[in-house]
Each structure stands twice: as structure tokens, then as C-alpha cells.
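> build me a structure from this.
(one chain, ligands or ions: 1)
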Amino acid sequence: MPQNRCPFDPDPIYAELRGTDPVMRVSAPAGFDVWLVSGYEDARRVLGDNTNFSSVDASSSHLMGDPDALGGTPPPGVLLRYDGDEHTRLRLRLAREFMVKRVARLEPFIRQLVAEHIDRLATKQGPIDLYREFGLPIPALVISEVLGVAEEDREEFEKATAAQVDLTLPLEVRQQAAANSAGFFAKLVASKYEQPDDDLLSRLIQEPTEQPLTFEELMGLSLLLLAAGHDTTANMITLGTYALLQNPEQAAMIVADPSIMDTGVDELIRYLSIVHNGVLRKATTDVQVGNQLVRAGEHVAVVLESANRDPRFLDAADSLDLARSSAHVGFGYGPHQCLGQHLARLELKIALPELLRRVKGLRVVTDVESMPFKNDMLVYGIHQLMIDWDEVVA
Ligand code: HEM
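The predicted structure is shown next:
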């Protein structure tokens, strides 16, 4: 990222493209061609249409990584990459678990988790890395609660999940951590068959249905929930804190009235749009998108961070204004729209106001020029956010 521009803004090229080439053929870093969609209406047009577009290649790694993986059969349970009836079957089974009402039951747990992690700061000497000490553990422990990971295994679970996204560790260590997580989930799912409890996996196993989920599907689902819900929320907590400290009048509004986050949380998600570089779809028929005809078999990458800054859909789209409520595509759109969005909102609505309220004199100690932004990753954020503070209050 050029250091002379706002680190929360998308690449400036998108502002130009939205005007001149809103649907443009480009070469993806992985070496295959895609149609890049940068405007808000076109983004919704593509993401909302599962008749003409397939999600089979929607895995995040395809755009940056190995193009040979394109078109492969999605692993069982990874609903992000399923279409039609198979997607609906998996989505419906999970939807109940992530409804507002069900998620609201987690509020006391999340409040306690956030309080404990802020209490822990009080025992430490700054500066510390907010991403590692606060951003990462909270969503990891929330997912472990949802899935029903036993108390005594949570520390191991949290360490293994954090290691997978820690780029300061060598690749082999990260790969080993991913393998450990897969082994961990295999044991977890098996234990829920033997001894069901009050958690998502046990309910999925026990619910009477004509088409029970298989062991492999439950494994795939668990890994997907971790992959989709952990680092995303961790980056929102960390980058969100930084964005609020850089916009002190917005932070002050939250401290004065935390309920502003009822709308503000979506504005923050829109403004930061951390799922970067394109959500991938494959055309199943010849289909018109904006001014271009996309041929069957071609890929389309929808650039959420650009769509969310489209001035044709929102005035002053480049500024952060927590007092407004606006639609956005930060959680995607259409049939695959984020399943965990209510949970992510709840975590952010608790974590950010509590941090700002309790940690007095909270400040970032690294200059923006030397801040390690995640320009190289599909989920944008900061690899490390060194903070210091004056006092932690009750
Ligand atoms: C602020 C945090 C989050 C952001 C920005 C985010 C963003 C997204 C986006 C953009 C998609 C759409 C992908 C596509 O259309 O191909 C998505 C899908 C999904 N997200 Fe999230 N997400 C977040 C948190 C979570 C959490 C906490 C969970 C669950 C624990 C979760 C679970 C999922 C799942 C399962 C899907 C796939 C849904 C489907 O294919 O039907 N996400 N998310």
C-alpha cells in the first residue's frame, strides 16, 4: 500500500475503474483471467444471482493461490462452495444456530470474555500487540463455545488457531497448526456423537432429519466456521480499533453512547470492508454484467471494498460516520451472504465500546508508515497493532 494514502481506503485505482471500466477483464495474481466488478449495483447483481453464477470456486485461496484447484469438488460441508439444493440443505441446517435470537444467548459469555481480556491488559506492561492479545483470542474462544469445545481444550484450540494466521511463523509451523486443528476437530466431532451436549455440533447430530449430516460434513462445517469467522472478526476488532483511534470524534461518540454501535457496527464493516481482492463466482451461462457479456465458464471477482465506496450508492462513501445506517456488501450479498454476521456484529458491538471505555489513554505506538498492513492477504487488517495506555478502569 502506498504510505501516502489512508490505510482504510481501497486502492485508488478502483475509484477510476468504477467510472471507466466497472466490469473489466484482468489477470488475477494466481495467473488466470477474471472479470473485476467494482461498482455496488453490479456487485449485488452478481452475488444475488445463483442461477447464472456458481460459487464452486468461491474459496479465498483461488484468486491468490493455486489456479489448478479451480473447478475441483468442494470438500464436504464447505457450504461457501456449494450451489443450489446442496447449498440450501447445508445453509438451512445451520441458519437456526446463527439467527439473532440464538446468537443473543451468547451475549453474557462474550461480555465476560471481553472483560477478562481487558482485565488481563491491566496486569501487563505496555506496549502490547492488540491483535494477538485481544483481537485473535476473542473470536477463537467464541467459536469454541459455539462448537462446544471443552473448557480444558480451549487454550490449545486458541493457540493452534492463532498460529495458522501468524505470518511471523515459518510456513511449516503454520501448516502443522492447520493439520493440528483438523485433527482436533475430528476428535471433537467424534466426541459429540458419543456424548452430545448443548452446542451446535451436538444439535446437528441429534436433530431428527431425513438427511443427517455426515461425519465429513460436520468436520468441513467446523473448519469453515473457524476459517470464515475467526480471522475476519479478529481483523475487524483490530483494524476497527485503529480506525476509531484515527477518527477520535467517532470514538468519542461510542464512549458517550455505546448504543450508537447498533448502526455504527455496519458502518464500520462497510468502511473497512476487510474481505479484500474479490469474492469469486463462475458464470454458468452467458450473462450480461453491466456493460460486459460474461461467457459461460468465465470467472468474476466482486471487489467488495470498492463496491462499498461507490458514490452512486452512498454520499460521502469515503468517510466513516457511525451515526448513519446504510446498506453494504461487507458481508457479501445474496444466498451466500455471511452466515455468521449477527455473531460478528455482537462481538464487535461488545468488544470495541468496552475497550474504548475501560482503557484510558489508549493509543497506537507505531507510526502509520511502519504499520504492517495486510496488503498481501485476502482478509485485510494489521499483522500487529502495538498499543499502550494510561490506566485500565473497571
Ligand atoms: C466481521 C466479520 C466477518 C466478515 C467481514 C465476513 C464476511 C463474509 C463474506 C463477505 C461472505 C460471503 C462470501 C461469498 O459470497 O463467497 C461470508 C460468508 C460466510 N461467513 Fe462470514 N464474515 C465475518 C464473520 C463470520 C463469522 C463470525 C462466521 C461464523 C462463525 C462466519 C461464517 C460465514 C459462513 C459459514 C459463510 C458462508 C455462507 C454461505 O456460503 O452460505 N463469518 N462472510
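
> going forward, measure contacts between C-alpha atoms and count neighbours the same way
Will do.

> helices of the stretch 251-394 of the chain, residue ranges please.
261-272, 304-307, 341-358 (DSSP state H, counting those that start in this stretch).

> those helices into CSV, with extra columns for distance to A140, mean pLDDT and mean neighbour count?
Shown next, in CSV, are the helices of the stretch 251-394 of the chain (distance: least, C-alpha to C-alpha, whole Å; pLDDT from 0 to 100; neighbours: other C-alpha atoms under 10 Å):
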stretch, distance to A140, mean pLDDT, mean neighbour count
helix 261-272, 19, 97, 22
helix 304-307, 25, 97, 30
helix 341-358, 11, 98, 21
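
> what's the closest of these to A179?
Closest of these to A179 is helix 341-358, at 25.6 Å (criterion: C-alpha to C-alpha).

> give the other helices and strands that the closest one contacts.
helix 100-104, helix 107-122, helix 215-246, helix 248-256, helix 261-272 (3 or more C-alpha pairs under 8 Å, 6 or more residues apart in numbering; DSSP states H and E).

> of the helices of the stretch 251-394 of the chain, which is nearest the ligand?
helix 341-358 (4.5 Å; C-alpha to the nearest ligand atom).

> coming back round to it: redo the helices of the stretch 251-394 of the chain as JSON lines? Include distance to R25.
Listed next are the helices of the stretch 251-394 of the chain as JSON lines, based on distance: least, C-alpha to C-alpha, whole Å:
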{"stretch": "helix 261-272", "distance to R25": "25"}
{"stretch": "helix 304-307", "distance to R25": "16"}
{"stretch": "helix 341-358", "distance to R25": "31"}
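
> now distance to the ligand too, for those, in a markdown table please.
Formatted as a markdown table, the helices of the stretch 251-394 of the chain follow (distance: least, C-alpha to the nearest ligand atom, whole Å):
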| stretch | distance to the ligand |
| --- | --- |
| helix 261-272 | 7 |
| helix 304-307 | 8 |
| helix 341-358 | 4 |
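
> contact residues of the stretch 1-150 of the chain facing the ligand?
Residues of the stretch 1-150 of the chain lying close to the ligand (C-alpha under 6 Å from any ligand atom) are A58, L79, L80, R91.

> for the second one, which residues are in contact?
By that I understand L79. Each residue near L79 by C-alpha atoms under 8 Å, 6 or more residues apart in numbering is listed here: H87, L90, R91, L221.

> apply 6 Å and report the result again.
The contact partners of L79, taken as C-alpha atoms under 6 Å, 6 or more residues apart in numbering, are H87.

> what about it, distance to R93?
Between L79 and R93 the computed distance is 11 Å (C-alpha to C-alpha, to the nearest Å).

> likewise for the first one?
Distance of A58 to R93, computed by C-alpha to C-alpha: 20 Å.

> neighbour-wise, which of the two wins?
Shown here are A58 and R93; by other C-alpha atoms under 10 Å, A58 has more neighbours (23 against 15).

> that one should be in a helix, yeah?
No. Counting by DSSP: H, G, I helix; E, B strand; the rest coil, A58 falls outside a helix, being coil.

> quick one: residues in contact with stretch 43-53.
Counting by C-alpha under 6 Å, 6+ apart, residues outside stretch 43-53 touching it are R281, K282, A283, T284, T285, V302, Y333, G334.

> check stretch 136-155 too.
Outside stretch 136-155, the residues that touch it by C-alpha under 6 Å, 6+ apart are E158, D199, L200, L201, H230, A234.

> just give me the neighbour total for P75.
By other C-alpha under 10 Å, 14 other residues sit near P75.

> that's a helix at it, yeah?
No. P75 is assigned coil when assessed by three-state DSSP, not a helix.

> tally of neighbours for the residue nearest to it when sequence neighbours are not counted?
Distance criterion C-alpha to C-alpha, 6 or more residues apart in numbering; nearest residue to P75, sequence neighbours excluded, is G220 at 6.7 Å. Counted with other C-alpha under 10 Å, residues neighbouring G220 total 21.

> separation between the residue most central in space within the chain and H276?
Centroid-nearest residue in the chain, with C-alpha atoms, centre = their mean: T232, separated by 2.8 Å. Noted for T232: a distance of 11 Å to H276, by C-alpha to C-alpha.

> contact partners for A394?
Going by C-alpha under 6 Å, 6+ apart, the list of residues near A394 is empty.

> for the stretch 51-200 of the chain, what spans make up the helices?
If DSSP H, counting those that start in this stretch is used as the criterion, the helices of the stretch 51-200 of the chain fall at 61-64, 84-95, 100-104, 107-122, 130, 137-147, 154-164, 171-194, 200-206.
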